[in-house]
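Engineer: Sequence unavailable; structure follows:
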């Protein structure tokens, strides 16, 4: 029986059962390949997926009904019309539209509270069932999943002793939390949940926090990391800022974990020197990964992003803000795609999930 239980919480988009596990393993495998290692990191690890996307999938499949429901939530008809126009203008491109809806549903509607309650109830149920007994509990959150984790842990943890509905920051700490492409500040700007501000809440490895060791990874050219970036520096963990680009989707989970600085350090967190990872092969792996990145001039990317999102810091209304964000991400990725072609590299455009 594995001693390490890693709870996986996915990002935006549709996730089939087992999909996030595969994406995580693909990234970790690639990081080991860069280091020339063949270590079995699954020997003492069990993954447990919390798939909140099942609920969002059901909502998104009723898009026309969903849009009409916005009027019942106090969202004006002009915005609803804008969403309809947005969907029409995408001409069948549901990838970005689905991600826009996920941000809106989680950040601005009653469904967000339903998703948080489901996650909290899942954690409580697993603890009662003994799943956590005798195990080191870790969490790996990605993209929108980091917001769900941030908000839910802020609600479920409290000082002192826990009870049937709460965990204790003294006795029930999460061993390690790997936060990949943390968007909690963006989403907190939409839902403004009391006590869940990522800058001051309990989701930290600082004194009084609910985490023993927190690691944050934010790619320099990940568009979601350029708007309200997570800036709280871990006390016991690390803050990774990779910058090499190997594909158009710089927000890709596997791409994050394939970077040796992130993937190898995650494995080392679990196994220490038993993993065979050391300073030399880590440095060598980072160099080999760098050799796979493209060499085009990136200086104009930040300028492009600034031009695209001028309106985000002063949105007319929250949904306009979300639309601007997703539109800007799409334009930003298209620019990276053009740079990849210019550099004669094979492009890897995003699939169903970011």
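Structural biologist: Ah, there it is. Remember, predicted model here, so these are calculated numbers, not experimental data. Numbering: from 1, shown residues only.

Engineer: now the helices for the protein?
Structural biologist: Ranges of helices within the chain are 19-35, 53-60, 63-69, 77-89, 94-108, 110-128, 144-156, 184-191, 253-258, 260-271, 279-290, 299-308, 318-342, based on DSSP state H.

Engineer: which one of those is the most hemmed in?
Structural biologist: Compared across those, helix 144-156 shows the largest average neighbour count, a mean of 26 (mean count of other Cβ atoms under 10 Å). Using the backbone N, CA and C atoms, a C-beta is placed for each residue, glycine as well.

Engineer: what's that one packed up against?
Structural biologist: strand 4-9, helix 94-108, helix 110-128, strand 136-142, strand 174-180, helix 184-191 (3 or more Cβ pairs under 8 Å, 6 or more residues apart in numbering; DSSP states H and E).

Engineer: repeat that with 10 Å
Structural biologist: Packing contacts for helix 144-156, counted by 3 or more Cβ pairs under 10 Å, 6 or more residues apart in numbering; DSSP states H and E, involve strand 4-9, strand 45-50, helix 53-60, helix 94-108, helix 110-128, strand 136-142, strand 174-180, helix 184-191.

Engineer: Please convert the helices of the chain to a markdown table, extending it with distance to residue 1.
Structural biologist: Formatted as a markdown table, the helices of the chain follow (distance: least, Cβ to Cβ, whole Å):
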| stretch | distance to residue 1 |
| --- | --- |
| helix 19-35 | 18 |
| helix 53-60 | 27 |
| helix 63-69 | 42 |
| helix 77-89 | 48 |
| helix 94-108 | 34 |
| helix 110-128 | 15 |
| helix 144-156 | 25 |
| helix 184-191 | 33 |
| helix 253-258 | 25 |
| helix 260-271 | 15 |
| helix 279-290 | 30 |
| helix 299-308 | 47 |
| helix 318-342 | 41 |
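
Engineer: Of these, which shows the lowest average pLDDT?
Structural biologist: In terms of mean pLDDT, the lowest-scoring of the helices of the chain is helix 63-69 (a mean of 56).

Engineer: and residue 43, which of the helices of the chain is closest to it?
Structural biologist: Closest approach to residue 43 among the helices of the chain (Cβ to Cβ): helix 260-271, 8.6 Å.

Engineer: what's the angle from the closest one to strand 4-9?
Structural biologist: Put simply, helix 260-271 runs at 140 degrees to strand 4-9, going by axes from the mean of the first three to the mean of the last three Cα atoms, to 10 degrees.

Engineer: what's the distance between helix 260-271 and the middle of its chain?
Structural biologist: Centroid displacement of helix 260-271 relative to its chain, using Cα atoms, centre = their mean, to the nearest Å, is 18 Å.

Engineer: Please apply the same query to stretch 39-47.
Structural biologist: 22 Å.

Engineer: for stretch 103-116, same thing?
Structural biologist: For stretch 103-116, the distance to the chain centre is 16 Å (Cα atoms, centre = their mean).

Engineer: end to end, how far does that stretch reach?
Structural biologist: For stretch 103-116, the first and last residues are 14 Å from each other (Cα to Cα, to the nearest Å).

Engineer: and if you look at stretch 147-164?
Structural biologist: First-to-last residue span, stretch 147-164, Cα to Cα: 24 Å.

Engineer: who's in contact with residue 275?
Structural biologist: Contact partners of residue 275, counting by Cβ atoms under 10 Å, 6 or more residues apart in numbering, are 32, 35, 37, 39-41, 264, 267-269.

Engineer: quick one on the thing from earlier: so for residue 326, which of the helices and strands packed on helix 144-156 sits nearest?
Structural biologist: Of all the helices and strands packed on helix 144-156, helix 94-108 comes closest under Cβ to Cβ, at 4.4 Å.

Engineer: And that closest one, what does it pack against?
Structural biologist: Judged by 3+ Cβ pairs under 10 Å, 6+ apart, helix 94-108 is in contact with helix 53-60, helix 63-69, helix 77-89, helix 110-128, helix 144-156, helix 184-191, helix 318-342.

Engineer: hang on, the earlier thing: with distance to residue 275 added, can I get the helices and strands packed on helix 144-156 in CSV?
Structural biologist: Formatted as CSV, the helices and strands packed on helix 144-156 follow (distance: least, Cβ to Cβ, whole Å):
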stretch, distance to residue 275
strand 4-9, 13
strand 45-50, 12
helix 53-60, 31
helix 94-108, 35
helix 110-128, 27
strand 136-142, 15
strand 174-180, 15
helix 184-191, 29
